[in-house]
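*Asks:* heads up, no residue letters with this:
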């Protein structure tokens, strides 16, 4: 009988029920759209921030107090073994050890237009790992996604332009001490596999495999620093930073705060805007639903009076109207979620260039919000039920 009354109440006053349903659907659609946009745009912005490179650097403890790296200001690769455990426990983290050293390079000696030699900074690392840490880097020539072969190198675009270098050319590398002693006959030739454009100081560097540079400089097993990219917001990165400090007590762990805090501020602003807009919209929708439910209760005063005269308790009648509101909220949430997800997908593609897929986790969230909103909005009009007196209503007063 209860559910028959519930269905009858929804089907008789169709216009008013449709108005309440429409209001709830609008609220659900906007909430679904904002939640979907936030999830997709946050992922896009996180990827964009990751293109700026590492957000945490591990360096020798003495490096901050010195003017430049030397043998005593480097780390042994063996001391970084606890880092592998940290990476396994922190999904999405990537890292690469890097060795920096000053070398002299000579381009093709047969070309008289080129300088005899020039001093440059050489970076030894797993080139594929560096590319993954810096997805914004662009290559000219062979697209290399793995480490460089032992006899090949990558050259920054500024250095390549200055020395008129092209992919496939040979580059002669000299140790600085030997070059200063005018012993230019001792060199190692490397084939240029790719020209790298980074938009930063790396455009003036030469990139070699880590083992090759270690052997060339006589620094076997040593690295200058380790670059890490740790996913997450500011709080998660700071937590990972403290864990690394405990795991690696003999080194200095430094977050690159410009990247970490900029990402945190942007995502925090988006989160605050999302919550504010959602809250404001839900309040407006709650007022609309409350007004509609109040009108429904007032129009059914005679029906309520008859049910009370037949013995229906106030609790039963209140439960009937609250269940009616919950049913409208559930239907409005499902319909609104579908409309909002489609709107979010269209807006994300037009405004941010992001293709969003339907986020199923937002469906129960949106439905729960609209059901709770409808039940809360029904509290005030349902209280009117208690004040209705059967004798007064049935007399037509």
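*Replies:* Perfect, I can see it now. For clarity, every value in this text was computed on a predicted model and none was experimentally measured.
*Asks:* Tally up the residues packed near residue 102, please.
*Replies:* Neighbour count for residue 102, taken as other Cβ atoms under 10 Å: 13. Every C-beta, even on glycine, is put in place using the N, C-alpha and C of the backbone.
*Asks:* no wait, residue 203
*Replies:* Residue 203, neighbours per other Cβ under 10 Å, totals 18.
*Asks:* hang on, isn't it packed against residue 197?
*Replies:* Yes: using Cβ atoms under 8 Å, residue 203 makes contact with residue 197 at a distance of 6.6 Å.
*Asks:* anything in contact with each of those two?
*Replies:* Counting by Cβ atoms under 8 Å, 6 or more residues apart in numbering, the shared contacts of residue 203 and residue 197 are 156, 157.
*Asks:* quick one: low-confidence parts of the stretch 151-300 of the chain?
*Replies:* Residues of the stretch 151-300 of the chain meeting the criterion pLDDT under 70: 177-186, 232-234, 257-268.
*Asks:* in it, which spans are strands?
*Replies:* Assigned by DSSP state E, counting those that start in this stretch, the strands in the stretch 151-300 of the chain fall at 152-156, 170-175, 188-197, 205-208, 222-223, 225-229, 251-255.
*Asks:* Minimum distance to residue 96: which of those strands has it?
*Replies:* Across the strands of the stretch 151-300 of the chain, residue 96 has its closest neighbour in strand 225-229 (5.8 Å, Cβ to Cβ).
*Asks:* now for that closest one, which elements pack on it?
*Replies:* On a contact count with 3 or more Cβ pairs under 8 Å, 6 or more residues apart in numbering; DSSP states H and E, strand 225-229 meets strand 56-60, strand 94-106, helix 127-133.
*Asks:* Quick check: next helix or strand after the strand or helix carrying residue 303?
*Replies:* Here residue 303 sits within helix 301-309, counting by DSSP states H and E. Tracing the chain C-terminally past helix 301-309 and defining elements by DSSP H and E, one meets helix 314-347 next.
*Asks:* Name the SS class of residue 368, please.
*Replies:* When classified by DSSP: H, G, I helix; E, B strand; the rest coil, residue 368 comes out as helix.
*Asks:* Tell me, how many residues neighbour it?
*Replies:* Number of residues near residue 368 (other Cβ under 10 Å) recorded here: 13.
*Asks:* Give me the distance from the helix holding residue 303 to the chain's centre.
*Replies:* A distance of 56 Å separates the centroid of the chain from that of helix 301-309, by Cα atoms, centre = their mean, to the nearest Å.
*Asks:* Then stretch 17-37?
*Replies:* Relative to its chain's centre, stretch 17-37 lies at 26 Å (Cα atoms, centre = their mean).
*Asks:* buried set for it?
*Replies:* 17, 19-37 (16 or more other Cβ atoms under 10 Å).
*Asks:* JSON lines for the helices and strands packed on strand 225-229, including distance to residue 231 and mean pLDDT?
*Replies:* Below are these laid out as JSON lines (distance: least, Cβ to Cβ, whole Å; pLDDT from 0 to 100):
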{"stretch": "strand 56-60", "distance to residue 231": "11", "mean pLDDT": "85"}
{"stretch": "strand 94-106", "distance to residue 231": "9", "mean pLDDT": "87"}
{"stretch": "helix 127-133", "distance to residue 231": "12", "mean pLDDT": "85"}
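*Asks:* Next, format the ones you listed as TSV and append distance to residue 215.
*Replies:* TSV is the format used below for these (distance: least, Cβ to Cβ, whole Å):
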stretch	distance to residue 215
strand 56-60	21
strand 94-106	11
helix 127-133	16
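*Asks:* who wins for proximity to residue 270 among those?
*Replies:* Within the helices and strands packed on strand 225-229, the stretch nearest residue 270 is strand 56-60; the backing value is 23.0 Å (Cβ to Cβ).
*Asks:* which strands and helices sit next to that closest one?
*Replies:* Secondary-structure packing of strand 56-60 (3+ Cβ pairs under 8 Å, 6+ apart): strand 75-76, strand 225-229, helix 234-247, strand 251-255.
*Asks:* quick check: domain ranges of the chain?
*Replies:* Recorded structural domains for the chain (assignment: automatic domain parsing) are 2-48+264-394, 56-255.
*Asks:* and the shortest one, how far from the chain's centre?
*Replies:* If I follow you right, that is domain 2-48+264-394. From the chain centre to the centre of domain 2-48+264-394 is a distance of 30 Å (Cα atoms, centre = their mean).
*Asks:* who does the residue nearest to residue 167 when sequence neighbours are not counted bridge with?
*Replies:* Spatial nearest neighbour of residue 167, chain neighbours left out: residue 141 (3.0 Å); criterion: Cβ to Cβ, 6 or more residues apart in numbering. Beta-bridge pairing of residue 141 under DSSP bridges involves residue 194.
*Asks:* Show the contacting residues for residue 141.
*Replies:* Residue 141 touches 166, 167, 168, 192, 193, 194, 195, counting by Cβ under 8 Å, 6+ apart.
*Asks:* Sweet, I'm off.
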